[in-house]
Structure formats: structure tokens, C-alpha cells
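need coordinates for the below:
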Amino acid sequence: MEGKKIANSTSKSLVVLFILTLIPLILSLMNFVNNTILFVGLFAVNFLIVGISATKVKHPLLDIKNILRKVTLIIPFGLVFSIICAGIVYYFKMTASSILIFLSLIAIVLILLSAIRTRSNIRRINNPKEYTEKQLKRVIFMLVIFCVISYIGMEVPPFSVIPLWFGLCIPFIALLPGYLTLNILNPYKDEFRLIERLGISIFASLVITSIVGLIVVQLEHMLNMRHVSLVLVIITLLILLPLYYIRIKEKNTYDLFNDYRINRFFIIITVVAICAIFASAALVTSGNWNENSPSALFQGNTTFEVSGIHYMPDENGYYNFSNGEELNLSINIKNDEHRDMQYTLKIEINNETVNDTIEEQKINLKDKEHKTIKTNITMTSGKKDIKFTLYDSNNQPYKIRHLYVNVNEYNETETVSEETQ
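Just a heads-up that it's a prediction; the model follows:
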């Protein structure tokens, strides 16, 4: 009865905190926080909610009255998370109201964690065997969600505009595949100590990542870690998690490995990943995302290739042509910036005396769209640098390719003909 009373009291308190958290979040996303007094008031609300929620996570079996008495925990927790949010906003050059967005999201994460921890602790006390079985199933369910969320964060706009995959890929590269593989092969809790199981899991994950990386290199002729991470996500979701579920159904769950610290870690990274991708979408769509921020440099890429040259360069890197020879080139441009782009393509011929622009055009490409542009250049005598410059939407040089040519003064066929005569 005591456990049920704590659960009911906690549920009501957390619902109130959740509703209060939504107020600053919604007002910030709708850009209604344009008053200093309003901002300070909403910040104070977020500060207290974050502090109370974090304290509740630390002490899940205390009711809200006893939590409010722990001021020495509430204030430090609020300060720490506020400083973290302020640092993120300053680094990415976002608007001040973004602090409220991040604090609200952190508060939601903490509220969910405190609810999970409260129920888990009560269940563990009342029925330890049933708790073990449900805990294993919950971990599998959370990892399925984490895989789906990671795929969305890596591949689906607008969530993928901010490069979240740098963080989302780490568990798949360094832990999850090896951890699940080991638990499938040897699931019993007494076979390995925790530190041994973690060490083997990390080593096995790195081996799996290396094998996937070699396959990706063979297929794409380059190492693309984003694609490697996507393959690891798919392997974990479609192969390893179903096999792990089948394995635990075959055994007595009370005899299987089940460590609450690792389970808590999986729950935390799943909740953080969910909040992160929704925060990224909110920032991109609300206008708080600054495309000139440091991380915007990594948000996407444009493929810019010049092909159609069938000669080999000399020892100085120059391609040799004859005067009057026609050079037919193909310029390939592919937009992988996760947004529509307007490019400017400029082709220039530079030498010691002349800087001529021979072609300039605007190119509009939707996200993932590809375009091939044909161009003909007539060779004239002398050494020169044919420069291909692709400008971005802000008319800044983005990609540059150089073709160094050495054009003979006389056509080779004419020279051969004269020598024959």
C-alpha cells in the first residue's frame, strides 16, 4: 500500500511539473518571449522545475514535499543545467529564448526519468523476479526506439539538418552491437563480471564496425562514417534485437544478465536522443537555428566534380593540348545539404596576363537533386589555369576545382603533316 501511495503522489506531482514545463517551451517556439521580464519569469520556472525533477531522479521514493525540502540539491542542479544550456546557446550563436527551449526539454527528460525510476524501484521491492523479466523487455523496447530515433536523426530532414549523427552513432560504433552479440551467445549473469562483459562488448563492437566499414569502402570507394553508422543501426534493429528477444524467451529470465546501471544508461540515451532530434527540428523550423554557427559547417555536403579529360598530366601537373583543340567537359553537381540550394557556377581562364570569365550561370537544386552541365572549351596557346568555382546561396566560394593546361602553339596534326612533306 505504501508503494501505491508513493506512486500516486508522484504521478500527480509529475503531471503538474510537465504542464508547467510546456508553457516556456511553447512560448519560446512561437517566438512570444520578446520581453525581458517575461523571459526572467519563465527562466525561473524552468530553473526550479529542472532542479526539482533532477532531485526526484536522485531520490525516486521521496514524495514531492520531502523533495522540496532538499534545497541544497534543487539549486545546484538548476545552476548546472542552466549553465550547460547557456553554453550551448552561446556556442551555436542562437537567440536567448533558445535557453528556455533547452531547459524545457531537459526538464521533460528528467520528469520522464523520475517517473521511470519511481515505478522501477517500487516494482523491484515488491516483486524482484517479475521486475527482472519486465526490465529486460523494457530495455529491448527502449533500444528499438533508440534505433528508430537514430535513423531519423541521421537521415530524415528537418531532424538531420543539424549533424546529430556525430553523437547518435557512438553507441552503435562502440557498444551496442557487441553487447547484444555477447548477450545472445552467452546471456547468463554469472559467466562474466560486468567489467569483463563491457570490455568484450566494446572490442566486439569495434570489430563489427571495422567489418562494416571495409564493406562500405568497397562499395563506395571511400569511408563514409555516416553510412557505416546507418548500417550498424539497421543491423542492430533488424537482426541483433530480435535475436536477443528470442534468446531471453528461451531462458529463465532470473538467470540472465541484467544490470540496472547499463539498463539505466540505455534509457537515458534513448530519452536524450528523442529530445535532441525534436529540439533540432524545432530550432530549424522556428528560425532560431543560425546557419553561420560553427556546427552548420557540417550540416551537409555538395558533390562538385569535373570530368571528361582523357589525358594524363605531366610531371608538373599540367595537361597538354593542341592549339584549337575542343575540350568537352561534364560538370556534376549534387545537393546533399538537406535543404534547397541556389548555386552559381563560374568558369574562368587565368594566366600571367589574362583573367577571363568564359561562363557563369545560376543553378537551383532541391535537396538530393543532381545535375550534369556540359561545357565546351576551345584551347588557345600558352599555359593557363582553368578555374571552376561553385558559389553557395550566400554567393560565397564553396567548391573550387582547377584544371592546369599547357597548350602547344601549333596543332600536332599540322606539324606532323609539314614534317612528312
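
give me the pLDDT for the spatially closest residue to Lys70 that is not a sequence neighbour.
Closest residue to Lys70 apart from its sequence neighbours, by CB to CB, 6 or more residues apart in numbering: Thr55 at 5.3 Å. To be clear about C-beta, it is placed using only N, CA and C from the backbone, and glycine gets the same treatment. For Thr55, the pLDDT comes out at 93.

ok, now which ones touch Thr55?
67, 70, 73-74, 77 (CB atoms under 8 Å, 6 or more residues apart in numbering).

can you add distance to Ile99, secondary structure and pLDDT and give those residues back as a markdown table?
Formatted as a markdown table, the entries for the contacts of Thr55 read as follows, by distance: CB to CB, whole Å; DSSP: H, G, I helix; E, B strand; the rest coil; pLDDT from 0 to 100:
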| residue | distance to Ile99 | secondary structure | pLDDT |
| --- | --- | --- | --- |
| Ile67 | 24 | helix | 91 |
| Lys70 | 24 | coil | 92 |
| Leu73 | 22 | helix | 93 |
| Ile74 | 19 | helix | 94 |
| Phe77 | 16 | helix | 94 |
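
how far away is the residue nearest to Lys70 from Phe18?
Per CB to CB, to the nearest Å, Thr55 is found 16 Å from Phe18.

these two touch, right, Ser53 and Leu17?
Yes - Ser53 is in contact with Leu17 according to CB atoms under 8 Å; the separation is 6.3 Å.

joint contacts of the two?
With CB under 8 Å, 6+ apart as the test, Ser53 and Leu17 both reach 107, 111.

neighbour-wise, which of those two wins?
Taking other CB atoms under 10 Å, Ser53 and Leu17 do not tie; Ser53 has more neighbours (29 against 21).

so what pLDDT did the residue lying closest to that one once chain neighbours are set aside get?
Nearest residue to Ser53 in three dimensions, chain neighbours excluded: Leu110, at 3.5 Å (CB to CB, 6+ apart). If you check Leu110, the pLDDT there is 91.

just the buried positions in the strand or helix carrying Leu110, please.
Using DSSP states H and E, Leu110 falls within helix 98-126. Using 16 or more other CB atoms under 10 Å as the test for burial, helix 98-126 gives 98-123.

relative to helix 98-126, how tilted is whichever helix or strand comes after that helix?
Counting by DSSP H and E, the next helix or strand C-terminal to helix 98-126 is helix 128-155. Here helix 128-155 points in a direction 160 degrees away from that of helix 98-126 (axes from the mean of the first three to the mean of the last three CA atoms, to 10 degrees).

helices and strands around helix 128-155, which ones?
helix 98-126, helix 165-168, helix 225-235, helix 241-250, helix 260-286 (3 or more CB pairs under 8 Å, 6 or more residues apart in numbering; DSSP states H and E).

so which of the ones you listed gets nearest Thr303?
helix 225-235 (14.3 Å; CB to CB).

quick one, the helix or strand harbouring Thr55 and helix 260-286 angle?
In the assignment (DSSP H and E), Thr55 maps to helix 36-58. Using the same axes, to 10 degrees, the direction of helix 36-58 lies 160 degrees away from that of helix 260-286.
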